[in-house]
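Q: Prediction below, plus the sequence it came from.
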Amino acid sequence: DLLEISRDWIQLDYKKAVSQLEGKWYLERGIFINYSQALQRTILKEILHDIYLQEEVMYKTNYISILQDWIQTGDVNTSLDLLNDFTVEKEYNRVIFSKKEDVNSSKTDPIVIKETNQWIPLSDNEKIGLFEVEEVNANKRISSKEDALVIDENELNFPLIVRHREDGDRMRYAGLNGTKKIKDIFIDEKVPLKERDHAWVVEDATGKILWLVTYRKMNLSRTQETDKLTYILKYYKEQD
């Protein structure tokens with residue numbers, strides 16, 4: 001009958017716009033915003049129904065209109081908190097529904113680099129290390145799979161601290177006059193919220209941020225003196 005046909009069409013549209021992977025629901029914004037208002041509400045209702053299926057509480061009915069408006073008109077790289085520790089994050093091209101991570105488990109302690117010529121694990125698939133190089137052209141020692149910061153001996157203030165970003169962090173980098181907020185760098189680069197929280201910052205003993213790993217770095221290699229020791233701070237991440 002007509003009702004069954006209508007449901008089949010809705011399911012097709014739902015599958016075009018929504019995918020689910022490992023406890024997360026991904027809504028493609030570009031597809032969703034071109035749907036009719038009624039279809040948008042139906043899709044949001046389906047997502048919320050799936051999310052709260054195993055929960056002891058139900059979602060609030062006003063979530064649908066709030067989400068619909070926010071997805072279409074709200075700022076990108078923002079998030080909304082829902083009941084039972086669910087959160088919705090809006091990136092440039094998609095919206096992600098998921099359970100909040102345990103704050104304590106996702107927050108890692110700062111890592112201190114005191115020794116040279118050894119790798120230090122940052123996570124299960126990331127590592128960092130400071131290596132000595134007795135030659136001017138240090139860039140030849142960096143593989144294509146690594147990102148690195150070359151530091152002249154007189155620019156190095158031990159120990160180096162590797163940590164996640166904090167509110168108010170600012171840095172100076174090559175090509176910039178003055179300093180810039182790391183938050184603004186992420187906005188310029190259109191970095192999703194999730195990736196911002198996992199990005200690494202390297203600061204020296206004076207508290208100066210030398211490197212926003214993979215995004216911005218200071219120019220700390222200026223001398224051409226062959227008798228000066230050069231350091232390479234290398235970052236390596238296993239590709240998925």
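A: Received it, and whenever you're ready, just let me know what you need. Source: prediction; values computed, not measured.

Q: Point to the helix or strand of the chain where mean pLDDT is at its lowest.
A: Every helix and strand in the chain was compared by mean pLDDT, DSSP states H and E; the lowest is helix 103-106, with a mean of 44.

Q: Please, where are all the helices along this structure?
A: 2-17, 29-32, 37-51, 63-73, 103-106, 182-189, 193-198 (DSSP state H).

Q: To Ser221, which of those lies closest?
A: helix 182-189 (20.8 Å; C-beta to C-beta). Just so you know, the C-beta spots here come from the backbone N, C-alpha and C atoms, and that holds for glycine as well.

Q: before we move on, back to that, among the helices of the chain, show the one with the smallest mean pLDDT.
A: Per-stretch mean pLDDT for the helices of the chain is lowest at helix 103-106 (a mean of 44).

Q: pLDDT weak spots in this protein?
A: 1-6, 101-108, 134-145, 222-228, 240 (pLDDT under 70).

Q: quick one: the residue most central in space within it from Leu82, how far?
A: Central residue of the chain (C-alpha atoms, centre = their mean): Glu195, 0.5 Å from the mean position. According to C-beta to C-beta, to the nearest Å, Glu195 stands 22 Å off from Leu82.

Q: cool, Asp188 as well?
A: 29 Å.

Q: So which of the two has more stuff around it?
A: Leu82 (19 against 11; other C-beta atoms under 10 Å).

Q: give the contact list for that one.
A: Leu82 makes contact with 59, 63, 88 under the criterion C-beta atoms under 8 Å, 6 or more residues apart in numbering.

Q: what about 10 Å?
A: 48, 51-52, 59-60, 63, 66-67, 88, 97, 99-100 (C-beta atoms under 10 Å, 6 or more residues apart in numbering).

Q: Any of those buried? List them.
A: If you count burial by 16 or more other C-beta atoms under 10 Å, the buried members of those come out as 48, 51-52, 59, 63, 67, 88, 97.

Q: Nearest to Thr179 among those residues?
A: Val88 (32.8 Å).

Q: what's the neighbour count on the closest residue to the closest one other than its chain neighbours?
A: Once flanking residues are discounted, Val88 sits nearest to Leu80: 4.7 Å by C-beta to C-beta, 6 or more residues apart in numbering. When neighbours are counted by other C-beta under 10 Å, Leu80 registers 17.

Q: ok, Leu80 touching Lys100?
A: No - Leu80 is beyond contact range of Lys100, at 11.6 Å (criterion: C-beta atoms under 10 Å).

Q: residues shared between the contacts of these two?
A: What both Leu80 and Lys100 touch, as defined by C-beta under 10 Å, 6+ apart, is the set 86-87.

Q: show me the contacts for the residue nearest to Val88.
A: Counted by C-beta under 10 Å, 6+ apart, Leu80 has contacts 63, 66-67, 70-71, 74, 86-90, 95, 97.

Q: Between those residues, which sits nearest Lys208?
A: For those, the nearest to Lys208 is Glu89 (31.2 Å; C-beta to C-beta).

Q: List the contacts of the closest one.
A: With C-beta under 10 Å, 6+ apart, Glu89 has these contacts: 24, 76-80, 95-98, 192-194.

Q: Kind regards, and thank you for your time.
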